[in-house]
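> any chance you could fold what I've pasted below:
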Amino acid sequence: MRPETRYATTADGVYLAYQVVGSGPDVAVDFHLVAGNVDLIWEEPDWGPVLTAVASFARLILHDRRGTGVSSRNVAPPNLETRAADQLAVLDAAGSEAAVLIGAASTGAMHALFAATHPDRTSGFVWTYPRPRLAWHPGYPWGQRPEDFERAMVQGRKWGTAEYVRDLALSRAAQRTGVPDEQRHTLTVDEELVQLFARINRNTATPDVAEALTRISWQTDVRQILPAVQAPTALLVGEDDAQAEREEAEYTASVMPDATLHVVPGRAGLQLDTQLEILRKLSGVEPPQAASSSLLATLLFTDLVESTRTQAAMGDRAWKDLVSAHHERVRETLARWGGTEHDTAGDGFFSSFDGPARAIHCAHEIDQRVADLGISIRAAVHIGECEVIDGKPGGLAVTIAARLLNAAGAREVVVSQTVKDLVAGSGFTFDDRGERELKGVPDRWHVYTAGRAPGR
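You can find the predicted model right below:
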């Protein structure tokens, strides 16, 4: 197959190469970093048969990440939030109302964020070898250790070379034959296949972009948003896969409300017929209605610092004019960053966004824009599952965001741990403020201040 490649344009002017092939329920696939070029992926001996099989009963939607493949290359490597926004742009361009999402290992993290943020655009989610966090942590024993990351970085410096892709081909051969990966070098691979892998590898990304995307994946953690994924989800792992991979899949299933764990014979990644059977069943599920009762939302609270003292010093009339100017600038900035205003209480705003990086950028820009009025703000950002009440987010997540505001000082933007984990690669710096008790909220909450990203 050689489907036509088209371009979707994002709000910030990036061109995303995408393809649509087949007919039936919509299915959107995300590639691994090492093979992400829509023009060449059909020649890839592992991906080609999978995509052809899916397109035989579904309307398959593919796209290259920004910075890779035949999408715009002269852009910053995308973080998780940007990738989810780009996927939405592609689905819009393809005329897709809702799609079943397919990802594997850490690539599924973007789909998890998308499904939680856009439940009305997600009819299902298939996640093979679910990996919500890549790096090891005391609370996440299945992650990779720092030394694994360093080895990956060393190996990545050979990106695009025959040496790099030969090792990749040997690993795949070892998986098929059941040979332990550490013994892969006892096998042989076709040199023409190695050259094909190398060509696809080089036409997917340059070494610096591959390194940046690897670092972003290493820093990303979507565990806290998994309970907000409402779509029917199929998690796949194999009987012959490592015990740690099965435990990781069991953990992921335990925190997702509509997830079913499928332990398939052999190694899950090799069981194409079983994967297709599960996908067919999931594709037959009716998409969720747009008027979903809950959704994942990023919440931003802002208010003026020392407003009472300022009002007393200025007098009521001058204060009214100042607040009016403040409100005008806040609303202009919300519009620029795609925020939705929900409430204005005196001199404070409550707004929501599709993603946390936008909310942080917006908060910093508000602070900059009101500074010449002789005032300053403080802000708090949190992301969580919200009930939709009278058309606006409500519930515990909103309470947490509002309480976080009390931890912010003048011109500070405080964020929760979940927000910090989701904006890896966005360029923000974080200052650890430790754990806090939030009035009326269970447990203790880790709080950070988010510094302005360079160039903003």
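> neighbours of P146, just the number please.
For P146, the neighbour count with other CB atoms under 10 Å is 10. C-beta coordinates here come from the backbone N, C-alpha and C atoms, glycine included.
> now swap in A379 and tell me
Using other CB under 10 Å, A379 has 28 other residues around it.
> likewise for the one 3 residues further on?
If you count neighbours by other CB under 10 Å, H382 ends up with 27.
> where's the closest residue to it other than its chain neighbours, which helix or strand?
Once flanking residues are discounted, H382 sits nearest to A401: 3.9 Å by CB to CB, 6 or more residues apart in numbering. If you go by DSSP states H and E, A401 is part of helix 396-404.
> residues contacting L88?
L88 is in contact with F114, H118, R121, counting by CB atoms under 8 Å, 6 or more residues apart in numbering.
> just the buried ones from the residues you listed?
Listed as buried from the contacts of L88 are F114, H118, R121; burial here means 16 or more other CB atoms under 10 Å.
> list just the nearest of those residues to P146.
F114 (29.0 Å; CB to CB).
> hang on, the closest one packs against L101?
Yes - applying CB atoms under 8 Å, one finds F114 in contact with L101, separated by 6.7 Å.
> overlap in contacts, these two.
What both F114 and L101 touch, as defined by CB under 8 Å, 6+ apart, is the set T122.
> helix or strand next in line after the particular helix or strand that has D148 in it, which one?
Taking DSSP H and E as the definition, D148 sits inside helix 146-156. The helix or strand immediately downstream of helix 146-156 is helix 162-177, counting by DSSP H and E.
> neighbouring contacts of that next one?
Against helix 162-177 from outside (CB under 8 Å, 6+ apart): 34, 46, 155-156, 158, 179-181, 183-185, 187, 189, 193-195, 197-198, 201, 267, 269-270.
> one more time with 7 Å
Residues from elsewhere that reach helix 162-177 (CB atoms under 7 Å, 6 or more residues apart in numbering): 34, 46, 155, 158, 180-181, 183-185, 187, 189, 193-195, 197-198, 201, 267, 269-270.
> from those, which land in helices?
Among the contacts of helix 162-177, the ones falling in helices (DSSP state H) are Q155, L193, V194, Q195, F197, A198, N201.
> drop anything exposed from the residues you listed.
L193, V194, F197, A198, N201.
> return the member of the residues you listed nearest to G143.
Among those, and counting by CB to CB, the member closest to G143 is N201, at 25.3 Å.
> which residues touch that closest one?
Taking CB under 7 Å, 6+ apart, one finds V34, W159, G160, Y164, V165 in contact with N201.
> how near is E44 to Y251?
Computed as CB to CB, to the nearest Å, the E44 to Y251 distance reads 31 Å.
> ranges for the helices of the stretch 301-450 of the chain?
Applying DSSP state H, counting those that start in this stretch to the stretch 301-450 of the chain gives helices spanning 307-314, 316-337, 356-371, 396-404, 417-422.
> could I get those as a markdown table with mean pLDDT?
A markdown table is the format used below for the helices of the stretch 301-450 of the chain (pLDDT from 0 to 100):
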| stretch | mean pLDDT |
| --- | --- |
| helix 307-314 | 84 |
| helix 316-337 | 92 |
| helix 356-371 | 95 |
| helix 396-404 | 93 |
| helix 417-422 | 95 |
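> low pLDDT regions in the stretch 201-350 of the chain?
285-292 (pLDDT under 70).
> out of the helices of the stretch 301-450 of the chain, which gets nearest to I278?
helix 417-422 (27.8 Å).
> just give the nearest non-adjacent residue to Q417, would you?
H446 (4.2 Å).
> sorry, back to before: quick one: contacts of the helix holding A401?
With CB under 7 Å, 6+ apart as the criterion, helix 396-404 contacts 299, 301, 380, 382, 384-386, 414, 416, 438-441, 447.
> quick one: end-to-end length of stretch 345-361, please.
Terminal residues of stretch 345-361 are spaced 22 Å apart (CA to CA, to the nearest Å).
> cool, and stretch 199-214?
End-to-end distance for stretch 199-214, by CA to CA: 20 Å.
> one step back: the residue nearest to Q417: neighbouring residues, count only.
Neighbour tally, H446, other CB under 10 Å: 14.
> how far away is K392 from R403?
Going from K392 to R403 by CB to CB gives 18 Å.
> what's the local residue count around the spatially closest residue to G384 that is not a sequence neighbour?
Nearest residue to G384 in three dimensions, chain neighbours excluded: A397, at 2.9 Å (CB to CB, 6+ apart). By other CB under 10 Å, the residues close to A397 number 23.
> now A397: how far from P207?
40 Å.
> show me how this protein divides into domains.
6-283, 294-450 (automatic domain parsing).
> end-to-end on the first one?
Think domain 6-283. Span of domain 6-283 from end to end, CA to CA: 25 Å.
> take the helices of the stretch 301-450 of the chain and lay them out in TSV including distance to Q230.
Output for the helices of the stretch 301-450 of the chain, formatted as TSV (distance: least, CB to CB, whole Å):
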stretch	distance to Q230
helix 307-314	39
helix 316-337	26
helix 356-371	19
helix 396-404	15
helix 417-422	18
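> wait, which of those helices is closest to A234?
helix 417-422 (23.6 Å).
> can you give the distance of that closest one from its chain's centre?
11 Å (CA atoms, centre = their mean, to the nearest Å).
> please apply the same query to stretch 117-127.
Centroid separation between stretch 117-127 and its chain, computed with CA atoms, centre = their mean, is 13 Å.
> just the buried residues of that stretch, please?
Those would be T117, H118, P119, R121, T122, S123, G124, F125, V126, W127, for stretch 117-127 by 16+ other CB under 10 Å.
> what is the burial count for E43?
E43: 14 surrounding residues under other CB under 10 Å.
> would you pull up how far stretch 294-306 lies from the middle of the chain?
20 Å.
> hmm, who's touching the helix or strand hosting P49?
Using DSSP H and E, the element containing P49 is helix 47-55. Identification of contacts with helix 47-55 by CB under 7 Å, 6+ apart yields M1, V21, G22, V27, A35, I41, W42, L60, L272, L276, L279.
> so for it, mean pLDDT?
For helix 47-55, mean pLDDT is 92.
> now do the buried residues in that helix.
So, applying 16+ other CB under 10 Å, buried residues of helix 47-55: W47, V50, L51, A53, V54, A55.
> tabulate the residues you listed (a markdown table), appending distance to V229.
As requested, these are arranged in a markdown table below (distance: CB to CB, whole Å):
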| residue | distance to V229 |
| --- | --- |
| W47 | 25 |
| V50 | 23 |
| L51 | 24 |
| A53 | 25 |
| V54 | 21 |
| A55 | 26 |
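> quick one: which of the residues you listed is nearest to F149?
With CB to CB as the yardstick, the closest approach to F149 among the buried residues of helix 47-55 comes from W47, at 25.4 Å.
> what's the closest non-adjacent residue to D421?
D221 (3.7 Å).
> paired strands for the lengthiest strand in the chain, with orientation please.
Criterion DSSP state E: the longest strand present in the chain is strand 377-389. Strand 377-389 has its sheet partners listed here by DSSP bridges as strand 294-304 (antiparallel), strand 392-394 (antiparallel), strand 413-416 (parallel).
> buried residues in the longest one, which are they?
By neighbour count with 16+ other CB under 10 Å, strand 294-304 contains the buried residues S294, L295, L296, A297, T298, L299, L300, F301, T302, D303, L304.
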